[in-house]
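Peer 1: Fold the following, please.
(2 chains)
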Amino acid sequence: MGELLDGYPLGQAYDEMFGADGLPYPHMRALHDALQTLTREDLAQREAARDSSFRDQGVTFSHAGKEWVFPLDLIPRLIPAAEWELIEAGVVQRVRALEAFLADIYGPAEVVSDGVVPRSLLTTSAGFCRPAHGFRPPNGVRIHLAGIDLVRDQAGVMLVLEDNLRVPSGISYVVENRRTMARVFPGLFLEQEVEPVASYPGQLLDALRRSAPAGVEEPTVVLLTPGVHNPAYFEHAFLARKMGVELVEGRDLFCRDHVLYMRSVGGEQRVDVVYRRVNDEFIDPVHFRSDSVVGSPGILNAARVGNVTIANAIGNGVADDKLTYTYVPALIEYYLGEQPLLPNVATYRLDDPDVRSDCLARLDQLVVKPVDGSGGAGIVIGPHASDAELAAVREQVLADPRAWIAQEMVLLSTSPAQLGDRLLPRHVDLRPFAVNDGEQVRVLPGGLTRVALRKGSLIVNSSQGGGSKDTWVLTTRPQRAPEVDGPSAFPAQTVRGTIPDRGPRGDEPQQ
Amino acid sequence: MLSRVAEALFWIGRYVERAEDTARLLDVHFHEVLEDPGVDEEATYAVLLTVMGVPDEVAARHRDSRAVLELLGYDAAIPNSIVGALVAAWQNARGVREALSAEIWECLNSTHNSLPTRVSAARDFGPAPFFSYIRERAATFAGHVEASLSRDASHDVLLLGRSLERVDMTARLLAARIGTGRGSEGWTATLHACSAHDAYLRTYQEGIEAPRVLEFLLVDRLFPRSVFHALSVGEQALARLDPAYGRSALDEPARRAIGRARTDLEFLPADSLLEDLPERLRGLQRTVSTVSEEVSRGLFAGSAPLHWSLEESAG
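Peer 2: Modelled structure (predicted):
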C-alpha cells in the first residue's frame, strides 16, 4: 500500500472502498490506484489549495455566530452505475408517493378513510397546515425539491434515514465541491467517467418556472431568503446567482389585492414564483407567527388565490414528520401499488404504549429522535449517551410520546477520509436531491455525501463537526459523437511583425 | 506620441488580452474534458486547435489535455500561448517603459518573472490556479491602465489593441463551441469562459440556449465582453486617435472597417444573427486583421523596421 492508506483500519462497518477481503471493490480500483501514487506532501498541497479556494469564494456556512469554511474532504465517494440506478428509482418512487400523500391529505384524505394512516397522524403533526387544505398548486407539485437522506448499513444495504421536503439544503455544496475537486485534484478524474453535476441549479429553475400560475408565459421567479444571518445564506446567494433570479428578503416583497410584488428601482414588479428558504411558520405573519419579520404578509392568500406559487409548498412538513416516515413504505404500496425499493430503517412509534415501554426498556441500544427535528438537533444515540442524557430523553418521551420516534441504531458505512496526513475510515451518509417539474421526478446524479470527521461519530451534520465529500456517480454513458462538419480553419493569430526593435547595439559606456 | 511607442502599446494591449482569453478558453475546455464523460477529448481539442489557427501538422501532434496545455498554455517560444503572449507583452513594454506608468510596468514585469514558477506548479498540480492567476494579472493590468494612464493617445492605442484582440478571441471561442456541437452544458461553459454566465442569467432568466447565448455574446449592448461592446470601444478609441477627429469624415480604411462591422451587428435583426454564423465569425476575424493592418500602416508607419548598420560598413 502507498503511504496514505497504510494501515487503514477496517472496522465493523461496511467500507465504501474495501471489501471484507481487504481489497478495493472493482469500481474503486482506479481511485485506489491513484491514491496509492500520492505522497503526504501531495495531499498537504491539495489541502492548502482547497482551503484557499473555498475561503476566497466564501463557500461557508454560519454556525454558533461564526462563518465556517464548509469542510470538503479531499477523497471522493464513488457510486457505481448499477447501484445508482437503484437509488435513483427508489428516490423517485418515494417522492411520487409523498406527493400523492400530500395531495390526498390536503384534499379528500382517502388515505385516512381507507385506514392506512390514522387521522391523528395528521392532526397531531406540527407540520400539518390547515390553511393549505383544499388548495391545489398550479401544476400539482408540492415537493419541487426534495432531499432524501440515505445510509448504508453493515450488510451494505441502502436505507432511507429521513425525508426532507421543506427546505432541503446542500445543492450548492454539491456543485462547489465538484468544481473545487476538479481544480484542486484534476489527476483523480483521469480514467474515470463521472456524471457532471453543474446542471443542478438549471434543473431546479426549470421546475420552478413550470410551476408558475396558469397563464403566465414568462414567470418571474425569486428566491426568498431570511437574510444574511441564516446559516445557509451562502447557498441562497449561490442558487440565486446560478439561476439568475432575484434574491429577495421579506422586506423587498409586498402583497396588494392578493398579488405579490417586489420593490425595484423600476417600480413594483410582479412575482410569480417564490422559491422560499424560509420555514412555514415564518413565511406569512398573517397566518403563522405574527412576530416574523422575514416573511411577507399576505403571501399565503396570494398563493391560495393562485396568483403566486410558493415552492416548496406550505404544509409539506407533515410528510417529512418522522412519524409519517414510519408509514412511507405503506404509502408507497397504497398510492403506487409498488414495493419500496429503498427500505426504511427499523423505526418504532412511541405513541403506542406497548412499543413505548419496550423501547424505553432498551433506550441504551436505540436512537431517539424528535419527529420535527432537522440538522441532527435533539438526537440521542443510546450507546453513546450518558445515563443522565438517557434519563432526560426518557422523561421527554413520557411527557410527549408523539414528539419522538426510536430507531434501531445503524452502523453507517465508512469511507476513507483525510485526517492529517493519513486516510482513515469515517462514517458517511448520502443526500440525493430530487426535482419534480410536474411531469417527471428527476434525481440529480450524486448528491451530497456527508462525513463525520470525528472518530466513531455517527453525526454527519456540518453544524456538528461533519464534512462533505464530492460524490461521483460513475457512468458508462457513451460519448457524444463529434460533429460531422467541424469548423473551417481560422487564420493564425497575428503577431507583431518584428520583435520590438531595441535600437542599434552600442557599447558606449555611460558615465 | 512616437509611432514606435504607439505600436508597442497597441501590442501590449493585444497580448495581455490574448493571454487572458487563451487562459479562459483553455480553462473551459480542460475542465469540460475532465468533468463531463460525454465529451470526446480528441475531437474537442481538434476543433479548438482549428479555430485557434494552429497549422494542421502541429495540431495533429496535440490531441490530449496535456499536449494542448503545453502548446497553448506554457510554450514560451510561440506568441500565441499564454506564456508566449505575456513574454511578448513584456518585451514590448521593456522598450517603452517611459510611456507606461510605474505600476503598469511593474505588473507586466512581475508577471513575467513569476511565469516559470507558475508553469511548473501548473504542470504538477493542475492548471486551474495558473488560469486564475493569469486572469487576475490581466485584471490587475487593466486596473492600473484604468487608474494610472492618462487618457491621451497612449490610452486609446492600448484600448484599441485590447478591443481588437477581444473581438478576435471571442469569435474563435464561439466558433469552437459551434464546432463541438454540444447542448446547453457546452454553452454554459462558453458563458463562463467570458465571465458572462451570471450576467446572462440575470438578463434572460431562462435556460441557456445557443441562440440567446450567441445574441448575448455578439450583440449585447451592455456586457463589456460582447463583440459589439468591444467593437464600439475600439471604434471610439480609433476615432479619438484621428487627428481630424470630429471635423470631417475622412476616407480612413481602419475606421471604415470597424464601423461597418459594428453597424452590421447593431442593426442585424435578431433572427438572422444565426444565419451563416461561421461566415459571420470569420468576417469579424477579417475585420480585426484589416483594422490591425491599416492601423500599422497609418499610425505606426514611422516605426517600420530600419536596417541598422555600423558606421564603417556604411561608409
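Peer 1: If you drop the residues flanking it in sequence, what lies closest to A:L188?
Peer 2: A:A34 (5.4 Å; Cβ to Cβ, 6 or more residues apart in numbering or on different chains). Every C-beta, even on glycine, is put in place using the N, C-alpha and C of the backbone.
Peer 1: Please, where are all the strands along the stretch 101-250 of chain B?
Peer 2: Taking DSSP state E, counting those that start in this stretch, the stretch 101-250 of chain B contains no strands at all.
Peer 1: who in it is up against chain A?
Peer 2: B:125-129, B:168, B:171-172, B:175-176, B:178-182, B:184-185, B:188, B:198, B:200-208 (Cβ under 8 Å from any Cβ of the partner chain).
Peer 1: now do 7 Å
Peer 2: B:125-126, B:128-129, B:172, B:175, B:178-182, B:185, B:188, B:198, B:201-202, B:205, B:207 (Cβ under 7 Å from any Cβ of the partner chain).
Peer 1: Buried ones among the residues you listed?
Peer 2: Buried residues within these, counting neighbours by 16 or more other Cβ atoms under 10 Å in any protein chain shown: B:125-126, B:128-129, B:172, B:175, B:178-182, B:185, B:188, B:201, B:205, B:207.
Peer 1: tell me which element the residue nearest to A:L188 is part of?
Peer 2: Assigned by DSSP states H and E, A:A34 belongs to helix A:29-36.
Peer 1: Quick check: the residue of the stretch 151-300 of chain A nearest chain B.
Peer 2: In the stretch 151-300 of chain A, the residue that lies nearest chain B is A:G244 (2.3 Å; Cβ to the nearest Cβ).
Peer 1: In chain A, where's the longest strand?
Peer 2: Counting residues, the longest strand in chain A under DSSP state E turns out to be strand A:422-431.
Peer 1: could you give the angle of that strand to helix A:29-36?
Peer 2: When axes from the mean of the first three to the mean of the last three Cα atoms, to 10 degrees is applied, the directions of strand A:422-431 and helix A:29-36 differ by 140 degrees.
Peer 1: How far off centre is strand A:422-431?
Peer 2: 17 Å (Cα atoms, centre = their mean, to the nearest Å).
Peer 1: Packing partners of that strand?
Peer 2: strand A:145-152, strand A:414-419, strand A:448-452 (3 or more Cβ pairs under 7 Å, 6 or more residues apart in numbering or on different chains; DSSP states H and E).
Peer 1: And the next helix or strand past it?
Peer 2: Per DSSP H and E, the first helix or strand lying C-terminal to strand A:422-431 is strand A:433-436.
Peer 1: hmm, who's touching that following strand?
Peer 2: The set of residues external to strand A:433-436 that reach it, using Cβ atoms under 7 Å, 6 or more residues apart in numbering or on different chains, is A:91-92, A:95, A:99, A:141, A:143-148, A:168, A:171, A:203-204, A:207, A:441-444, A:447.
Peer 1: For the lowest-mean-pLDDT helix or strand in chain A, which strands pair with it and how are they oriented?
Peer 2: One helix or strand of chain A scores below all others by mean pLDDT, DSSP states H and E: strand A:60-63, with a mean of 72. Partners of strand A:60-63 in the sheet, by DSSP bridges, are strand A:66-69 (antiparallel).
Peer 1: Chain neighbours aside, what residue packs nearest to B:E70?
Peer 2: B:E70 sits nearest to B:H62 (Cβ to Cβ, 6+ apart), 7.6 Å away.
Peer 1: Against A:V221, how distant is the spatially most central residue of chain A?
Peer 2: Closest residue to the average C-alpha location of chain A: A:G170 at 4.0 Å, with Cα atoms, centre = their mean. From A:G170 over to A:V221 the distance is 20 Å, taken as Cβ to Cβ, to the nearest Å.
Peer 1: Got the confidence number for the residue of the stretch 101-250 of chain B at minimum distance from chain A?
Peer 2: Minimum separation of the stretch 101-250 of chain B from chain A (Cβ to the nearest Cβ) falls at B:L201, amounting to 2.3 Å. Here the pLDDT value assigned to B:L201 is 87.
Peer 1: Skipping its backbone neighbours, what lies nearest it in space?
Peer 2: A:G244 (2.3 Å).
Peer 1: ok, what's across the strand from A:L150?
Peer 2: Assigned bridge partners for A:L150, using DSSP bridges, are A:V160, A:L430.
Peer 1: quick revisit: any idea how far A:L366 is from the residue of the stretch 151-300 of chain A closest to chain B?
Peer 2: 47 Å.
Peer 1: What about B:V5? Give its phi and psi, please.
Peer 2: Per-residue torsions, B:V5: phi -70, psi -40 (degrees, to the nearest 10).
Peer 1: so how many other residues sit close to A:G19?
Peer 2: A:G19 has 14 neighbouring residues, counting by other Cβ atoms under 10 Å in any protein chain shown.
Peer 1: now it: how far from A:H32?
Peer 2: 12 Å.
Peer 1: ok, A:L336 to chain B distance?
Peer 2: 31 Å (Cβ to the nearest Cβ, to the nearest Å).
Peer 1: How about that residue, nearest residue that isn't a chain neighbour?
Peer 2: Nearest residue to A:L336, sequence neighbours excluded (Cβ to Cβ, 6+ apart): A:A97, at 5.6 Å.
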